[in-house]
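Q: quick one, structure for this:
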Amino acid sequence: MSLTESDGSELSGKDGLIAPVPRISIQAFCDSPPMVALVASASEDRRMHKASVKTLTGGIAAALSTFRQEQTPNVILLEAGADNAAFLAGLDALAEFCDDGTRVVVLGQANDINFYRALISRGVSEYLVAPIDVLGVVRAISGLYATPGKGTLGRIIAVYGAKGGVGASVVAHHIAWSISNSLGMASVIADLDLAFGTAALDFNLDPQQGIAEAVYAPDRLDSNMLDRLMSKCNEHLTLLSAPSTLSKNYDLDEFSFEGVIDLLRGSAPIVVLDVPHAWTAWTRRILLSADEVVLVASPDLANLRNVKNLLDVLGPARSNDGKSKLVMNMVGVPKRPEIAVKEFATAVNVDPTVVIPFEPKLFGTASNNGQMVAQVSGAAKLARLFDHLGRVVAAKPDLSKGKSGSLIDGLKSTKLSFGFGKKFDP
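A: I've put the predicted structure just below:
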């Protein structure tokens, strides 16, 4: 596979989509150090940032001692020891102290149908059998609060420039357009650059309302209001635009966009966030919590340094996700000294998903006309690059084209696998 395109198979579908856990309280009672470490790691996962997690040792005996004096939390995690009969007796005793609505998740070693049935008959919500990993615990807790029949769990894709002026907004808009146009998937592009956003210009729209109304009225925000604020770009793509005015200061706190993003996640399978180049509490929060992060960079020293810094921050905080995607943009500017793409990739230890050449005439024409490059004559190759990028970040590899030696050569071997612990299945 060439450096121009990589399949990103280390990321695509690695853990599926897991909905963020709501703002709940969780107490875990473990018998063994490995289970204590597992729950501690799960509590640090990006999908658990709203939850309050407390981990104690002593197993079900400690739980009984605690809840004789304290109110039970929303979720109790219990490690079952080797003595199934003693554990079930402990559950019976614990039931006397559990408040209505408290969910119980049991983590154990016994792959035994009789034990499973005994747990379920006592109202246990979930039983996970070893081997269990971090995502198994997170998925189990998230599943307790999934809305039956809701259907949509949108993939949040955050696009961020390593440096101002590298074209991250253009890449974000093209990703959303390509996914909606080539894959026919309902998609949303949300412009988070309230002061200087360009999404409305790029899609030749002039919306009167947009994301600012949602951010500044969180108490009134619901799906109906959000729907009124969005503008139609094409059959499958809608835009939540930025006001792009300087009439006020946009001083936002860390969770300003949280309510909007939660609603967007439930409104479409794909949500692309055009994140402005700034390092604030809220931009950091969005990059840490997104399902996919796309970093856009140009081949110079400042971009290389910034990409390394970003990966150093995002990597440990997103340890249960794959590496962020890297897009090299505006490569090959005449007379400009550049770092070779291969050297750039080696330095940051990430292969670019796509390398976009410097094509000022095509991009300039598209921008001035309020179009995507695919709509401009002679842009077929660039359009195919964005289609490939869209497939990768949407976790929709085109496996059927692997044999034809297409631009997505190599994706034929991509496997979508789930990394969570085994769930007991009677």
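Q: next one, pLDDT for the residue nearest to residue 109 when sequence neighbours are not counted please.
A: Counting by CB to CB, 6 or more residues apart in numbering, residue 109 lies nearest to residue 130, which is 5.1 Å off, once chain neighbours are set aside. (Glycine included, C-beta is placed from N, CA and C.) pLDDT, residue 130: 87.
Q: what do you get for the one 10 residues further on?
A: Residue 140 carries a pLDDT value of 95.
Q: then residue 69?
A: pLDDT recorded at residue 69 is 89.
Q: ok so, going back, quick check: the residue nearest to residue 109 vs residue 34, distance?
A: Remark: distance between residue 130 and residue 34 (CB to CB, to the nearest Å) = 9 Å.
Q: what of residue 138?
A: 17 Å.
Q: tally of neighbours for residue 52?
A: Neighbourhood size, residue 52 [other CB atoms under 10 Å]: 13.
Q: who does the residue nearest to residue 168 when sequence neighbours are not counted bridge with?
A: Nearest non-adjacent residue to residue 168, counting by CB to CB, 6+ apart: residue 161, 3.2 Å away. When assigned by DSSP bridges, residue 161 has beta-bridge partners residue 296.
Q: can you report how many residues neighbour residue 161?
A: Residue 161, neighbours per other CB under 10 Å, totals 27.
Q: strands of the stretch 201-350 of the chain, start to end?
A: Under the criterion DSSP state E, counting those that start in this stretch, the stretch 201-350 of the chain contains strands at 231-232, 237-240, 270-275, 292-297, 325-331.
Q: nearest to residue 175, out of those?
A: Set against residue 175 and scored by CB to CB, the strands of the stretch 201-350 of the chain come closest in strand 270-275, at 5.5 Å.
Q: correct me if wrong, but residue 137 is in a helix.
A: Yes - under DSSP: H, G, I helix; E, B strand; the rest coil, residue 137 falls within a helix.
Q: number of nearby residues for it?
A: Neighbours of residue 137 (other CB under 10 Å): 27.
Q: check the one 10 residues further on too.
A: By other CB under 10 Å, the residues close to residue 147 number 9.
Q: what pLDDT does the model give it?
A: What the model reports for residue 147 is a pLDDT of 71.
Q: name the SS class of it, please.
A: coil.
Q: how far away is it from residue 243?
A: Residue 147 sits at a distance of 32 Å from residue 243 (criterion: CB to CB).
Q: coming back round to it: wait, doesn't the residue nearest to residue 168 sit right on residue 278?
A: No - between residue 161 and residue 278 there is no contact under CB atoms under 8 Å: 9.9 Å.
Q: rewinding a little: adding mean neighbour count, write the strands of the stretch 201-350 of the chain out as a markdown table.
A: Below are the strands of the stretch 201-350 of the chain laid out as a markdown table (neighbours: other CB atoms under 10 Å):
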| stretch | mean neighbour count |
| --- | --- |
| strand 231-232 | 15 |
| strand 237-240 | 24 |
| strand 270-275 | 28 |
| strand 292-297 | 27 |
| strand 325-331 | 24 |
